[in-house]
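In: Quick one, structure for this:
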Amino acid sequence: MRHHLILLLFFIVAVSSDCQNAASLNIIPQPVSVRVEEGVFTLTADTRIYVPENRADWETAAQYLMIVAGQGTGYRLSSQPMKRTYREPRPNSIYFFADPDMDGDEAYQLKVTPNNVFIRAKTAAGAFYALQTLRQLFPPAFNGKGGSAPDKWTAPCCIIDDAPRFGYRGLHLDVCRHFFPVSFVKKYIDLLAAHKLNTFHWHLTDDQGWRIEIKKHPKLQTVAACRNETLIGHYSDQPQRFDGKKYCGYYTQEEVKEVVEYARRRFVTIIPEIEMPGHSQAALSAYPELGCTGGPYSAATLWGIFDDVFCAGNEKTFEFIDEVLEEVCALFPGPYVHVGGDECPKTRWEACPKCQQRMKAEGLKNAHELQSYFIRRAEAMLAKRGKKLIGWDEILEGGLAPTATVMSWRGTAGGIAAAKERHDVIMTPG
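Out: You can find the predicted model right below:
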């Protein structure tokens, strides 16, 4: 018994010491293991950076460090390939080592000594996350965020071993209700990268506006990208007030490519979201023939859930969606496209002759199964382009598409149900 107590106390002291070390360095997110050692490494204008030879992705990671350091210190650092015959480290140098034996593609080890910084990782992504930690070891002004520049740019000596707990680590940005320029989107991606988040969920279409250029359907830019005015205050405020100002905005395909490349260089994958079958009033305002009633429709000027959705009985709807997804898939190299699938009222479908005929022809029992049919067709469109489908947890209703990933936002129950059916799940309970 005494032996067990001694072991337990040793473990508690070890963990406590590790936590204190991490806290003393103020690293966010907190690394798995931190050991602070004596001394500091001093970055100078002559510091050299060595990267694995003939590894463009590792060079990309090194370039990010050079950019950040240049903004904060004014130093114009440069990198050079490290020969395979590397033997002894040169002083005042930062070394990147590709280590295939490390556990986890995004894991890294960062070792800071008085003379050198050593970064070991299995992939360039892991090396990039090591740099995010290294940035935080230098004074705040190193990151170009203000504050007085120190006499010397020093980082405390330490050994840090780290790996992410979750494979998917991301943030969502809704640009439909409020449109953000490309410059803001880039800053948002910078914040993701700085906190070692690897996924940017870009919500590009909704009732209040369509925000991505689709060349085959130009009215999505000229009509659907605008709403006549915007609600002031909360939806429940009475009387409701509006600003009376037309509100427009969308990203050209060239701007999208620019953002995608910006994210790639920061090891962030973008998941575009194209809402269907609900949250589609903006699209219907441009192409009313795709709705059950034929319109007229207009982009929503307030928030909420609206009865008008894409007509699931009209084959032209699926032709439209296929053409949209074709252009979207070509723009985003990541493996996933989010199709929404949430908050889709069935009111119009239940009264629509075309939808009722579709249900009869496909042997569907109810409108929930009609939504499942809709999502399955979208899934097939993505699959033929090498993409996988993500949807909000409402896509469970009526039966889940075979390879769909569920993003559970209405609590955890949807995610648990999907996991029991052996589907991938992203938990985002609000």
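In: pLDDT on stretch 264-276, on average?
Out: Averaged across stretch 264-276, the pLDDT comes to 99.
In: Ok, stretch 119-129 next?
Out: In this model, stretch 119-129 has an average pLDDT of 98.
In: That stretch: end-to-end distance?
Out: 10 Å (Cα to Cα, to the nearest Å).
In: which residues sit against it?
Out: Here stretch 119-129 makes contact (Cβ atoms under 8 Å, 6 or more residues apart in numbering) with 55, 57-58, 60-61, 64, 94-111, 130-131, 134, 162, 164, 193, 196, 198, 266-267. (Each C-beta comes from the backbone N, C-alpha and C, glycine too.)
In: What distance do you get for the residue most central in space within the chain to Leu331?
Out: Geometric centre of the chain, nearest residue: Phe200, 1.5 Å, by Cα atoms, centre = their mean. Distance of Phe200 to Leu331, computed by Cβ to Cβ, to the nearest Å: 14 Å.
In: and the gap between the spatially closest residue to Ile28 that is not a sequence neighbour and Arg55?
Out: If the residues on either side of it in the chain are set aside, Ile28 comes closest to His195, at 6.5 Å by Cβ to Cβ, 6 or more residues apart in numbering. To Arg55, His195 is 25 Å away according to Cβ to Cβ.
In: Same question for Asp393.
Out: Between Asp393 and Arg55 the computed distance is 40 Å (Cβ to Cβ).
In: For those two, work out which one has more neighbours and name it.
Out: Just comparing Asp393 and Arg55: by other Cβ atoms under 10 Å the higher neighbour count belongs to Asp393, 27 against 18.
In: so what's the more buried one up against?
Out: Each residue near Asp393 by Cβ under 8 Å, 6+ apart is listed here: 342, 406-410, 413-415, 418.
In: Quick check: closest non-adjacent residue to it.
Out: Gly414 (2.9 Å).
In: quick one, what contacts the one you found?
Out: 393-394, 396, 406, 408.
In: Show me what stretch 221-238 is in contact with.
Out: With Cβ under 8 Å, 6+ apart as the criterion, stretch 221-238 contacts 208-211, 213-214, 240-250, 282-283, 285-286, 298-304.
In: Tell me the buried residues within those residues.
Out: Among the contacts of stretch 221-238, those classed as buried by 16 or more other Cβ atoms under 10 Å are 208-211, 213-214, 247, 250, 282-283, 285-286, 298-302.
In: Neighbours of Lys420, how many?
Out: Neighbour count for Lys420, taken as other Cβ under 10 Å: 9.
In: and if you look at the one 5 residues further on?
Out: One way to gauge burial is a neighbour count; for Val425, by other Cβ under 10 Å, it gives 20.
In: beta partners for it?
Out: Counting by DSSP bridges, Val425 is bridged to Val406.
In: Check what pLDDT it gets.
Out: According to the prediction, Val425 has pLDDT 97.
In: Wait, it touches Val406, no?
Out: Yes. Val425 is in contact with Val406 according to Cβ atoms under 8 Å; the separation is 5.2 Å.
In: Quick check: neighbours shared by the two?
Out: 415, 418.
In: quick one: the residue nearest to Ile28 from Leu364, how far?
Out: Separation of His195 from Leu364 (Cβ to Cβ): 44 Å.
In: So for the two, which residue has more residues nearby?
Out: Leu364 (20 against 13).
In: Apart from its neighbours in sequence, what residue is nearest the more buried one?
Out: Spatially, and ignoring its direct neighbours in sequence, Leu364 is nearest to Leu370 (5.3 Å; Cβ to Cβ, 6+ apart).
In: host element of that neighbour?
Out: Taking DSSP states H and E as the criterion, Leu370 maps to helix 367-383.
In: And that helix, what's buried?
Out: Quick answer for helix 367-383 (16+ other Cβ under 10 Å): 367-379, 381-382.
In: Check stretch 44-56 too.
Out: For stretch 44-56, a neighbour-count test (16+ other Cβ under 10 Å) marks 47, 49-52, 55 as buried.
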